[in-house]
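Novice: 3D model of this:
(one chain, ligands or ions: 1)
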Amino acid sequence: EKGGFDHFMLKEIFEQPDTIFDSLRGRLDEQRGMITMRGVEEYMQKFIDAQRIIMVACGTSWHAALTAEYMFEELCRIPVEVEYASEFRYRNPVIHPGNMVMAISQSGETADTLVAIEEAKKAGAIIFGICNVVGSSIARASHAGAYTHAGPEIGVASTKAFTAQLAVLCMIALKVGYEKGTLSRERFLHVLHELALVPEKVKEILQQHENIKAIAEKYASARDFLYLGRGYNFPVALEGALKLKEISYIHAEGYPAAEMKHGPIALVDEQLPVLFVATRDRFHEKIVSNIQEIKARRGRVIAVITEGDEVVPHMADDVIAVPAADEMVAPILNVIPLQLLAYYIGVARGYDVDKPRNLAKSVTVE
Ligand code: F6R
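Specialist: From the prediction side, this is the model:
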């Protein structure tokens with residue numbers, strides 16, 4: 001059942017070229033330059049007219065929402081608020097009839113998310129669900145939606161569901177932005193093409209598992225870890241830190257790289273590994289100087305970089321290179337090495353990564 005892999009988590013990490021392909025399949029048509037998604041088409045006018053979109057989710061799905069905030073704001077020029085479902089619900093949020101609320105959930109059974117959308121629905125919001133499990137409670141409670149089609153996720157730590165969520169959210173943002181006219185045909189086609197290339201690029205990254213395993217073994221005894229990224233790579237840093245916490249029980253925090261100087265930099269010493277998600281994008285020079293700041297304080301730097309980067313390898317202690325990609329689809333690629341790193345560190349520390357302590361696959365209590 002684990003298909004020759006030691007754990008479900010590893011099997012699911014390795015399935016990602018296929019699962020991402022599955023979430024694009026039948027939707028993204030590169031030849032005709034279009035995206036077909038019935039649930040989105042049905043509510044297209046609501047998306048176009050939306051004064052804002054509220055996204056509610058928990059955990060890894062919340063990280064997908066955070067990435068989507070960047071996508072929707074950039075491509076659709078719609079302000080997005082990303083909310084922890086649990087906080088949203090208890091805060092007496094301002095929701096008006098006709099507001100768009102997007103709920104993101106792998107299981108479709110997360111109680112916090114479910115209750116949040118039920119409240120929003122009562123206030124007259126339109127609920128758009130993005131779930132992996134077909135026919136799940138959140139899917140049923142939504143007015144419309146799109147499934148992620150990643151297949152059953154057994155590993156407690158979410159991996160393939162996350163990359164499928166990113167692929168689906170990117171397609172929705174592209175489709176809405178294009179219909180709305182906030183996105184040029186040229187940029188639309190470019191990102192479409194970049195998305196279509198993702199499954200092959202994920203395959204390339206997975207081929208580096210031996211390198212990532214060696215890095216994992218080198219840092220497996222760390223007590224704390226810092227994950228840093230900017231822009232589209234900031235949510236990736238948060239997700240990398242969450243994966244490490246769940247699977248290896250190492251204390252890890254994710255931060256926007258520029259925020260480091262406002263406090264977390266006090267933690268940096270020769271003991272602290274700092275993982276930078278530093279692929280080439282519009283922030284690259286900035287993040288290079290953040291890496292220098294860490295090295296100046298003798299922190300140990302692991303960097304996820306774009307293949308061909310000739311600067312960062314001279315500064316970092318260890319690097320993992322990924323294929324070049326548009327910054328908007330880069331999170332789908334960049335999270336893969338972080339999933340593997342967390343997995344191999346958990347294994348090196350002797351834990352059963354498929355049964356992390358204190359965690360359940362879906363949290364059906366509030
Ligand atoms: C992380 C993880 C959790 C879930 C969260 C939401 O690896 O598994 O953080 O992401 O409990 O679950 P869903 O997406 O099922 O609503």
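Novice: contacting residues for the residue of the stretch 51-200 of the chain found nearest the ligand?
Specialist: Per Cβ to the nearest ligand atom, G59 is where the stretch 51-200 of the chain lies closest to the ligand, at 1.9 Å. Where you see a C-beta, it was placed from the backbone N, CA and C, and this is true even at glycine. By Cβ atoms under 8 Å, 6 or more residues apart in numbering, G59 lies in contact with 158, 242.
Novice: For the lowest-mean-pLDDT helix or strand in the chain, output the C-alpha coordinates as PDB.
Specialist: Least confident helix or strand of the chain, by mean pLDDT, DSSP states H and E, is helix 85-90 with a mean of 91. What follows is helix 85-90, C-alpha atoms only, in PDB (Å, rounded to 0.1, in the frame of the first residue of the first chain):
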ATOM      1  CA  ALA A  85     -10.800  29.800  10.600                       C
ATOM      2  CA  SER A  86     -10.800  29.600  14.400                       C
ATOM      3  CA  GLU A  87     -10.100  33.300  14.900                       C
ATOM      4  CA  PHE A  88     -12.400  34.400  12.200                       C
ATOM      5  CA  ARG A  89     -15.300  32.600  13.700                       C
ATOM      6  CA  TYR A  90     -15.000  34.000  17.200                       C
END
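Novice: residues of it that come out buried?
Specialist: Applying a neighbour-count criterion of 16 or more other Cβ atoms under 10 Å, one finds 85-86, 88-89 buried in helix 85-90.
Novice: try stretch 67-83
Specialist: Buried residues in stretch 67-83, counting neighbours by 16+ other Cβ under 10 Å, are found at 67-72, 74-76, 78, 80, 82-83.
Novice: coming back round to it: which two from the buried residues of helix 85-90 end up farthest apart in space?
Specialist: S86 and F88 (7.3 Å; Cβ to Cβ).
Novice: per-residue confidence at the spatially most central residue of the chain?
Specialist: Centroid-nearest residue in the chain, with Cα atoms, centre = their mean: A64, separated by 4.2 Å. For A64, the model assigns a pLDDT of 98.
Novice: correct me, but it touches L166?
Specialist: Yes. Using Cβ atoms under 8 Å, A64 makes contact with L166 at a distance of 5.7 Å.
Novice: where's T67 relative to A222, distance?
Specialist: 26 Å (Cβ to Cβ, to the nearest Å).
Novice: Q271 contacts A222, correct?
Specialist: Yes. If you go by Cβ under 8 Å, Q271 and A222 touch, sitting 7.3 Å apart.
Novice: between these two, who's got more neighbours?
Specialist: A222 (17 against 13; other Cβ atoms under 10 Å).
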